[in-house]
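K.L.:
would you be able to build a 3D model of this:
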Amino acid sequence: MQTVIKKLDANSFQLKDQVVAINRVTKVVKGGKNLSFAALVVVGDPSAAVVGHGAGKAKEVPQAIRKAIESAKKNLIKVNLTQTSIPHLVLGRYGAGKVLLKPAPEGTGVIAGGAVRAVMTSAGVQNVLTKSLGTANPHNVVKATFDALVQLRDRNEVAAMRGKQVQEIQ
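P.N.:
You can find the predicted model right below:
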């Protein structure tokens, strides 16, 4: 199911960035080895339920992080949330990575591993149960989490899709 995602303006939000992974990469060339760094960053505004992810590469770590943040600001998504949790159970997939997101009652907190936790806290989800299945590759796990967040629907959207009133839906 393909969803249309409209561009969000990064300047209209108070975005906080969180570095998920930094990887040292070497390229072997004729003259020796070229060392560079790759960074994976998640940015988000918890109060607005907006989150984005990006990757960047550079010769030094700070430049790689800066590039990743700029990339993340370009693909922000709005997340459909209930008061403090997600509306329903959802499974996101990307490559070999699968991420299961399950709504949780008030006071549960974010039960999640590294990469998924970064995305959930940046999106402003306060109570959620998650399980990362398949790969542990942070890039694929973050993208699978975003796939799951894009699939979330609120009551009004589901009612409109089914041609029913909001009160008729459980």
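
K.L.:
tally of neighbours for K59?
P.N.:
Applying the criterion other CB atoms under 10 Å, we find 10 residues in the vicinity of K59. Every C-beta, even on glycine, is put in place using the N, C-alpha and C of the backbone.

K.L.:
regarding the closest residue to G97 other than its chain neighbours, which helix or strand does it belong to?
P.N.:
Nearest residue to G97, sequence neighbours excluded (CB to CB, 6 or more residues apart in numbering): N140, at 3.6 Å. Taking DSSP states H and E as the definition, N140 sits inside helix 138-151.

K.L.:
how's the protein carved up into domains?
P.N.:
For the chain, automatic domain parsing gives the domain ranges 10-77, 81-168.

K.L.:
would you list those in TSV and tack on mean pLDDT?
P.N.:
Output for those, formatted as TSV (pLDDT from 0 to 100):
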stretch	mean pLDDT
domain 10-77	92
domain 81-168	88
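
K.L.:
rewinding a little: can I get the helix holding N140 as PDB, trimmed to CA atoms?
P.N.:
As requested, C-alpha coordinates have been extracted for helix 138-151 and formatted as PDB (Å, rounded to 0.1, in the frame of the first residue of the first chain):
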ATOM      1  CA  PRO A 138      20.700   0.100  12.400                       C
ATOM      2  CA  HIS A 139      20.000   1.500   8.900                       C
ATOM      3  CA  ASN A 140      17.500  -1.200   8.100                       C
ATOM      4  CA  VAL A 141      15.900  -1.200  11.600                       C
ATOM      5  CA  VAL A 142      15.400   2.600  11.400                       C
ATOM      6  CA  LYS A 143      13.800   2.400   7.900                       C
ATOM      7  CA  ALA A 144      11.600  -0.500   9.000                       C
ATOM      8  CA  THR A 145      10.400   1.600  12.000                       C
ATOM      9  CA  PHE A 146       9.600   4.500   9.600                       C
ATOM     10  CA  ASP A 147       7.700   2.000   7.400                       C
ATOM     11  CA  ALA A 148       5.600   1.000  10.500                       C
ATOM     12  CA  LEU A 149       5.000   4.700  11.500                       C
ATOM     13  CA  VAL A 150       3.800   5.600   8.000                       C
ATOM     14  CA  GLN A 151       1.300   2.700   8.200                       C
END
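
K.L.:
can you give me the buried ones in that helix?
P.N.:
Of the residues in helix 138-151, those scored as buried under the neighbour-count criterion (16 or more other CB atoms under 10 Å) are 138-151.

K.L.:
do the same with stretch 12-32
P.N.:
Residues of stretch 12-32 classed as buried under the neighbour-count rule (16+ other CB under 10 Å) are 13, 15, 17-18, 20-21.
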